[in-house]
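**Student:** A predicted structure for the sequence below; I have some questions about it.
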Amino acid sequence: MSKVTVVGSGFVGATVAQYLADNDVSDVCLIDVVEGMPQGKALDMMQAAPVHGHARKVVGTNDYADTKGSDIVVITAGIARKPGMSRDDLLKTNANIVQSVAKETIKHSPDAIFICVTNPLDVMTYLTWKTTKLPTSRVIGMAGVLDSARFQAFIAMETGYSVQDVRAMVLGGHGDLMVPVTRYATVNGVPIGNLMPETKINELVTRTQNGGAEIVSLLKTGSAYYGPGRSVAQMVESILRDQKRLLPCAVYADGDYGLKDVYIGLPAVLGRNGVEKIVDIKLLDDEKAALKKSADSIKENVDLMNKLLVAV
Ligand code: TXD
């Protein structure tokens with residue numbers, strides 16, 4: 001029986017928990033700093049179980065002792081940027097939260113694989129790795145699956161073809177500098193360049209890059225969670241069921257794609273051991289340059305985070 005701890009029982013955390021239990025992937029421990037909230041959501045999910053017909057356990061808690069022995073720890077704890085708050089303030093606040101969460105969870109689940117979700121994603125994943133001191137294969141960030149899903153959804157909407165036939169991968173950091181590798185985007189193997197003009201592809205790329213902001217501006221409060229939650233769940237499922245899916249994830253580049261000492265979105269095979277392989281999909285020079293630019297920006301933020309953390 002697998003156990004997944006989800007730290008941060010907010011919108012994304014609860015969506016992950018619901019999918020994992022409903023689809024019989026694992027038992028779930030939901031934890032949060034807010035008292036009663038994870039317990040309430042867990043109880044609600046346990047009451048949905050008889051209707052749904054699964055026998056998975058969902059536990060809500062504020063006590064890290066209950067996270068003991070988790071196979072996977074998903075970190076969604078953090079705050080969203082509030083009006084008037086600088087990016088640096090957000091970086092500092094979330095870095096402190098993620099650092100404390102990683103320290104607590106690794107104590108109780110030393111054999112776990114960690115999936116970081118908190119923004120700024122690539123930087124927080126790096127921090128999770130540094131804090132847990134785990135091998136890089138066991139610390140992964142979720143962003144690429146979501147960004148790719150958004151791109152795929154837009155391709156399906158544009159062409160009118162079934163989303164089930166659309167495949168695409170978005171690499172690079174989770175932000176303005178993400179790199180949607182349009183050459184590899186297809187509808188059942190047909191490159192999208194055969195199906196729409198380049199100007200349209202560029203429009204879809206821009207919409208993908210602003211995918212999170214578009215939803216924030218519609219929701220007014222909070223950010224996306226169905227897409228993000230489902231994306232995390234796909235990674236968890238690939239690991240626990242040893243599916244060896246090739247998914248774009250924030251992984252540690254140690255010379256891969258010419259990048260060093262940075263967590264960034266690259267195509268990775270996820271299986272029972274975590275990141276089992278980073279696949280080199282042969283990029284063109286301008287795609288490599290875009291990836292490098294994205295990596296440089298992440299590294300600048302990691303440096304800034306290190307300064308802010310020391311300043312605490
Ligand atoms: O693609 C991606 N990686 C992302 C990232 C897609 C969507 C959301 N993304 C980020 O995930 C977002 O920017 C946030 O940083 C996280 C979580 O987003 P969510 O929408 O779930 O935020 P909520 O609903 O505010 O939930 C966060 C919870 C909330 O219940 C807090 O009480 C809790 O985190 N929290 C903590 N839990 C445990 N421990 C500590 N210290 C803590 N601090 C806050």
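**Tutor:** Nice, thanks for sending it over. Numbering: from 1, shown residues only.

**Student:** contacts and neighbour counts: CA atoms only from here.
**Tutor:** Fine.

**Student:** Tell me which residues touch the nearest residue to residue 192 once chain neighbours are set aside, please.
**Tutor:** Spatially, and ignoring its direct neighbours in sequence, residue 192 is nearest to residue 186 (5.2 Å; CA to CA, 6 or more residues apart in numbering). Going by CA atoms under 8 Å, 6 or more residues apart in numbering, residue 186 touches 165, 166, 167, 168, 192.

**Student:** Can you name the two of these that sit furthest apart?
**Tutor:** 165 and 192 (11.6 Å; CA to CA).

**Student:** if you count what's nearby, which of these two comes out ahead?
**Tutor:** Each of residue 165 and residue 192 has its neighbours counted (other CA atoms under 10 Å); residue 192 has more, 22 against 13.

**Student:** before we move on, back to that, how about the contacts of residue 186 in a markdown table, adding secondary structure and pLDDT?
**Tutor:** What follows is the contacts of residue 186, written out as a markdown table (DSSP: H, G, I helix; E, B strand; the rest coil; pLDDT from 0 to 100):
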| residue | secondary structure | pLDDT |
| --- | --- | --- |
| 165 | helix | 98 |
| 166 | strand | 98 |
| 167 | strand | 98 |
| 168 | coil | 98 |
| 192 | helix | 98 |
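
**Student:** quick check, nearest of those residues to the ligand?
**Tutor:** The nearest member of the contacts of residue 186 to the ligand, counting by CA to the nearest ligand atom, is residue 168 at 16.2 Å.

**Student:** Okay, that closest one and residue 112: tell me how far apart.
**Tutor:** Separation of residue 168 from residue 112 (CA to CA, to the nearest Å): 29 Å.

**Student:** Likewise for residue 185?
**Tutor:** Residue 185 is 33 Å from residue 112, where distance means CA to CA.

**Student:** Please apply the same query to residue 198.
**Tutor:** To residue 112, residue 198 is 44 Å away according to CA to CA.

**Student:** Those two: who's more crowded?
**Tutor:** residue 112 (24 against 13).

**Student:** So that one sits against residue 68, correct?
**Tutor:** No: the pair residue 112 / residue 68 is not scored as a contact, 9.9 Å apart, by CA atoms under 8 Å.

**Student:** who does the host helix or strand of residue 28 touch, helix- and strand-wise?
**Tutor:** Assigned by DSSP states H and E, residue 28 falls within strand 27-31. Counting contacts by 3 or more CA pairs under 8 Å, 6 or more residues apart in numbering; DSSP states H and E, strand 27-31 is packed against strand 3-7, helix 11-22, helix 37-52, strand 58-61.

**Student:** In the longest one, which residues are buried?
**Tutor:** Along helix 37-52, the positions that meet the burial threshold by neighbour count (16 or more other CA atoms under 10 Å) are 37, 38, 39, 41, 42, 43, 45, 46, 49.

**Student:** how far is the lengthiest helix in the chain from where the chain is centred?
**Tutor:** As assigned by DSSP state H, the longest helix anywhere in the chain is helix 285-311. Helix 285-311 has its C-alpha centroid displaced from the chain centroid by 18 Å (CA atoms, centre = their mean, to the nearest Å).

**Student:** per-residue confidence for residue 312?
**Tutor:** Reported pLDDT at residue 312 in the predicted model: 53.

**Student:** what does the helix or strand containing residue 248 rub up against?
**Tutor:** Assigned by DSSP H and E, residue 248 belongs to strand 245-254. Residues from elsewhere that reach strand 245-254, judged by CA under 8 Å, 6+ apart: 122, 125-126, 136-137, 139-145, 148, 169-171, 173, 235, 238, 259-271, 275.

**Student:** who in the stretch 101-250 of the chain is up against the ligand?
**Tutor:** Residues of the stretch 101-250 of the chain found near the ligand (CA under 6 Å from any ligand atom) are 101, 117-119, 121, 142-143, 146, 222-225, 228.

**Student:** Name the spans of this structure whose pLDDT lies under the cut-off.
**Tutor:** 311-312 (pLDDT under 70).

**Student:** helix or strand right after the longest strand anywhere in it?
**Tutor:** Secondary structure of the chain per DSSP state E: the longest strand is strand 260-271. Counting by DSSP H and E, the element after strand 260-271 in chain order, helix or strand, is strand 274-278.

**Student:** Lovely, talk soon.
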